[in-house]
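Enquirer: Attaching a predicted model along with its sequence, questions to come.
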Amino acid sequence: MLDLANMKCTPPREGEKCLSDDEIEQYLIRVPGWQVIDNEGVKGIGKRFEFGDFAGPLEFALRVGRLAEEEQHHPAFFFAWGRALLSWRTHTVKGLSLNDFIMAAKTDEIYAQLTK
């Protein structure tokens, strides 16, 4: 079984295709609460994160942003008082790749650290 949170993103190879619906379903099981969404006309995964203040989503955005820079894989992000909405997709494959699920698992770890 893959430990997504401990994996590293890799740049998509030339001609790499997005994950199939069956592959997406297999990975979704490993990132509870994430769901397939339409992300600007392309399949992505998204999740809403709840906080009790404004500082929480702000710190969450900063930590996820630092991680995104390290992994060279960047989300679509919205945050406001008490909440953050985040989605992942892979532009180069025009859909979802393993990188999106790796980042979803890492995002969940950041959220868990901030809310424990």
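Expert: Yes, it's here. Residues are numbered from 1 along each chain as shown.

Enquirer: Partner strands of the helix or strand of the chain with the lowest mean pLDDT and their direction?
Expert: When the helices and strands of the chain are compared on mean pLDDT, DSSP states H and E, strand 35-39 comes out lowest with a mean of 93. According to DSSP bridges, strand 35-39 forms sheet pairs with strand 42-50 (antiparallel).

Enquirer: after the strand it pairs with, next one along is what?
Expert: From strand 42-50 onward toward the C-terminus, using DSSP states H and E, the following helix or strand is helix 55-71.

Enquirer: what helices or strands is that following helix leaning on?
Expert: Where contact means 3 or more C-beta pairs under 8 Å, 6 or more residues apart in numbering; DSSP states H and E, helix 55-71 is packed against strand 76-80, strand 83-88, helix 98-115. Every residue, glycine included, has its C-beta placed from N, CA and C.
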